[in-house]
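**Q** Any chance you can model this:
(chains A and B)
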Amino acid sequence: MRVLIVEDEPDLLMSLLRAVRDEGYAADGAADGIEGLFKAENNDYDALLLDVMLPGMDGWELLRRLRLSKKTPVLMLTARDAVRDRVRGLDAGADDYLVKPFDLDELLARLRALIRRAASQSQPILDLGDVAIDTAARTVTKQGQEVVLTAREYSLVEYLALHQGSVVTRTMLYEHLFDENDTTLSNLLDVHVSNVRKKLGHDFITTRRGHGYSIGAQP
Amino acid sequence: MIFNSIRWRLQAWHGVILATVLTGFGVTAYQVARENQLRSIDQDLGQQLDALFRPRPPEGRPEGPPPDRLPGGERGRPFPFEPGEFEQRLRQAVTEFGSSGGPYATLWQVNQGLIARSPGAPADLPEPREAFAQSPAEGGPGQRGFRPGPHSPQFARTRGQMREIAIPLPRGFVIVAGRSIADDQAAMRRLALWLLAAGMGIFLLGLAGGGWVAARAIRPIDAISATAQRISAGDLAQRINVADTDSELGRLAAVLNTTFARLESSFTQQARFTADASHELRTPVSVILTQTQTCLARERDPAEYKETLEACQRAAQRMRRLTESLLELARLDAGEEPLRRERFDLGRVARESAELIRPLAAQRKVTLETDLALAECTGDAEHIAQVVTNLLSNAIHYNREAGTVTLAVRQEGSQGVLRVSDTGCGIDREDQPHIFERFYRADKSRTRAEGRTGLGLAICKAIVDAHGGSIEVESQPGSGSTFTVRLPLAHG
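**A** Predicted coordinates for the structure are as follows:
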């Protein structure tokens, strides 16, 4: 999962990036509206955390322009909590709305829900036969036994599970699992896939040679 | 309850006054009519009596004017003074007077009582005592007779349905004539009824008219009170609909509307100010919350803790600056802190502020030029220094690299004028009228960080206003801005 955070207050941006990365997401930051729009338009983010009051271009305008080309789920952050502002945000194409100051736990929960909904999964627990993924607790169980995964491994499993039944290309995985600061070695993905197979069974992830990977895909 | 309303009180007073006037008028009219009627009855009786004393044609005397005519030109001859003849003639005249059922007459003599009566006279007549006391004197030697004229004393009285007049005569005689006035009394009763009915009608009509007028007069008050009620219920946008602007109530409504408008704008301003203030406080609070929650989520290394603490400190300092500014504004607004009124030299205050700010200018590579004349003003030098420092710091902050800030103080007329000019990017025309408003941000991109609260210029304006001065800005977008502060000079 890769998230873009557009926030002009440097301290807030820094701590949000850190918090989101701690959750196992890949995260990019932008300090103003123009940079934010550029990044949002040129990458496939799984979610966008968008501050309303931004220099350069405010959140409303960024959202309006982004909606011309992308359906990225957007969680608006604002210090204005008038109902009018919230309605405006949702009407402008935002998917959720959070008023500052917020609790980090709530922000992360809303972010998870946003990503899940975007993948048309409304249940927090993804059931894949033997394996069940609890997206709220970020845990994976196999036959009722918890399997310990690293954050990156979990992200890989979650991303594939959210797109179960379809083939996920290596490019897509790179785009969604690594942020712009990661020095992505081409074999890093293979390492993660192989680790996940060791923990959850070789057949858990199917390799579609030349295309990518899938979970639960019909051959 | 209902009588507490002005409308009903007006109506009640109106009714009382109307009733008093009508009663007074009716009673007076009735009495005048009654007196007129009685007078005409008395006159009628008097005339009939007068006929008594008119001489009858003398028997056996030749026609012609009587030789003993009185000098007053009165018709007829008086009764002679010979006692026997006088009384006898009187008796005869009274006895022949009137007829049964019509007017009657009686003759009385002092100490003798009733001595003669006409046929129609009632039996139980009281003695005319007052008339006895007024018995006229005998005529002088030249006078040969007596005849009661229209001016001789008369005593009138009403007994039940009878009206009587008593005419005193010389030698203790009194003639009392009377007649029934039952018909006249009935006419008076009809008149009274008419007056009463007409009075009641006019009263009701007047009451209705008064009610209508009162309701009309009160209607604008009802409109005003309804509007005021809606406003007190929270809808500050309500205004009184003023149709008639010239009347007292119209003017009152106009005044109230102005008051309501000011009230609403001050409420709106207050609400916006509070919203802005909380908005400004939310960002640093978010920083602290997010920083600490992220940091505490798991073990960190010391560098990360330090980073978090530093971010929290920055946020806290920002909040401190903001709350200080808010408090200062609140104090200035409330006028709680009376400004000191002392003489100070605006030029000297400007120089000291410039020296304080010079390191900041140097840090930003901005040249600070001063051109300071003497200008003695009255007020709080410390607050004015705060204004100067604020303007200078803005001028440096918004200046371009290697720009210039000019600080000038001079006397112009009765004012001390301080100008701060910069060579920065200027202020857009549409922003210029608003930059002294609280939390107004001309350019959102540069104002967030670096301790700018968005209140600096608002505080400057509040201070200058408290000194009876003015502050204004001229700006050419692209080439710089000039802030001008005008303060009244100290007298003498």
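**Q** Give me the three-state assignment for A:Phe102.
**A** coil (DSSP: H, G, I helix; E, B strand; the rest coil).
**Q** do the same with B:Val213
**A** helix.
**Q** Check which helix or strand the closest residue in space to B:Leu22 that isn't next to it in sequence maps to.
**A** Of all residues not flanking B:Leu22 in the chain, B:Gly199 sits nearest, at 4.5 Å (CB to CB, 6 or more residues apart in numbering or on different chains). C-beta: built from backbone N, CA, C; applies to glycine. Following DSSP states H and E, one finds B:Gly199 within helix B:182-232.
**Q** Rounded mean pLDDT for the next helix-or-strand element following that helix, please.
**A** Per DSSP H and E, the first helix or strand lying C-terminal to helix B:182-232 is helix B:248-296. Average pLDDT, helix B:248-296: 85.
**Q** what about the residue of chain A found nearest chain B, which SS state?
**A** As assessed by CB to the nearest CB, chain B sits closest to A:Pro55 within chain A, at 3.0 Å. Using three-state DSSP, the structure places A:Pro55 in coil.
**Q** pLDDT wise, what is it at?
**A** 81.
**Q** same deal with the one 10 residues further on?
**A** At A:Arg65, the model reports a pLDDT of 90.
**Q** which stretches of the chain have low pLDDT?
**A** Let's take chain A. Scanning chain A with the threshold set as pLDDT under 70 gives A:81, A:122, A:183-186, A:217-219.
**Q** You answered for a different chain; I wanted chain B.
**A** B:1-4, B:52-83, B:98-101, B:136-153, B:243-246, B:336-338, B:441-452, B:492.
**Q** Name the residue closest to the centre of it, please.
**A** B:Glu248 (7.9 Å; CA atoms, centre = their mean).
**Q** which stretches of chain A form strands?
**A** Under the criterion DSSP state E, strands of chain A are mapped to A:2-6, A:26-30, A:47-51, A:74-78, A:96-99, A:125-128, A:131-134, A:139-142, A:145-147, A:168-169, A:206-208, A:212-214.
**Q** nearest to B:Glu352, of these?
**A** Smallest distance to B:Glu352 across the strands of chain A (CB to CB): 40.9 Å, for strand A:47-51.
**Q** now for that closest one, which elements pack on it?
**A** strand A:2-6, helix A:59-66, strand A:74-78, helix A:104-118 (3 or more CB pairs under 8 Å, 6 or more residues apart in numbering or on different chains; DSSP states H and E).
**Q** picking that back up, output the strands of chain A as TSV; include the columns mean neighbour count.
**A** Output for those, formatted as TSV (neighbours: other CB atoms under 10 Å in any protein chain shown):
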stretch	mean neighbour count
strand A:2-6	26
strand A:26-30	22
strand A:47-51	27
strand A:74-78	24
strand A:96-99	18
strand A:125-128	15
strand A:131-134	19
strand A:139-142	18
strand A:145-147	12
strand A:168-169	18
strand A:206-208	14
strand A:212-214	20
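**Q** buried sites along stretch B:458-473?
**A** B:Ala458, B:Ile459, B:Cys460, B:Lys461, B:Ala462, B:Ile463, B:Val464, B:Ala466, B:His467, B:Gly469, B:Ile471, B:Val473 (16 or more other CB atoms under 10 Å in any protein chain shown).
**Q** any idea how far the third one is from B:Val387?
**A** According to CB to CB, to the nearest Å, B:Cys460 and B:Val387 sit 5 Å apart.
**Q** what residues do those two have in common as contacts?
**A** B:Ile471, B:Val485 (CB atoms under 8 Å, 6 or more residues apart in numbering or on different chains).
**Q** From the recorded domain assignment, give the ranges for chain A.
**A** According to automatic domain parsing, chain A comprises the domains A:2-118, A:125-214.
**Q** Tell me which of these sits most buried.
**A** Among the domains of chain A, ranked by average contacts under mean count of other CB atoms under 10 Å in any protein chain shown, first place goes to domain A:2-118 (a mean of 19).
**Q** List, one by one, the residues from chain A near chain B.
**A** A:8-12, A:14-16, A:18-19, A:22, A:32, A:53-56, A:58, A:79-80, A:82, A:99-105 (CB under 8 Å from any CB of the partner chain).
**Q** picking up where we left off before, nearest to B:Leu204, of the domains of chain A?
**A** Using CB to CB, those put domain A:2-118 closest to B:Leu204, at 59.1 Å.
**Q** mind checking the end-to-end distance for that closest one?
**A** 13 Å (CA to CA, to the nearest Å).
**Q** cool, stretch B:94-107 as well?
**A** Start-to-end span of stretch B:94-107 (CA to CA) is 7 Å.
**Q** Pull out the buried positions in that stretch.
**A** Buried-residue list, stretch B:94-107, by 16+ other CB under 10 Å: B:Val94, B:Phe97, B:Gly98, B:Pro103, B:Tyr104, B:Ala105, B:Thr106, B:Leu107.
**Q** What residue in the stretch 51-200 of chain B comes nearest to chain A?
**A** Closest point on the stretch 51-200 of chain B to chain A, by CB to the nearest CB, is B:Met200, at 64.9 Å.
**Q** residues touching that residue, list them.
**A** No contacts exist for B:Met200 under CB under 8 Å, 6+ apart.
**Q** what's the spacing between it and B:Ala19?
**A** When B:Met200 is compared with B:Ala19 (using CB to CB), they lie 10 Å apart.
**Q** tell me which parts of the stretch 251-400 of chain B are close to chain A?
**A** Residues of the stretch 251-400 of chain B lying near chain A (CB under 8 Å from any CB): B:275, B:278-280, B:282-283, B:285-291, B:293-295, B:297-298, B:307-308, B:311, B:314-315.
**Q** mind checking how far the residue of the stretch 101-250 of chain B found nearest chain A is from B:Trp194?
**A** Per CB to the nearest CB, B:Ala237 is where the stretch 101-250 of chain B lies closest to chain A, at 16.2 Å. Look at B:Ala237 and B:Trp194: by CB to CB, they are 60 Å apart.
**Q** more crowded one of the two?
**A** Legend: neighbour count by other CB atoms under 10 Å in any protein chain shown for B:Ala237 and B:Trp194, higher for B:Trp194 (13 against 10).
**Q** Next secondary structure after the helix or strand hosting B:Gln313?
**A** Per DSSP H and E, B:Gln313 falls inside helix B:302-334. Tracing the chain C-terminally past helix B:302-334 and defining elements by DSSP H and E, one meets strand B:342-345 next.
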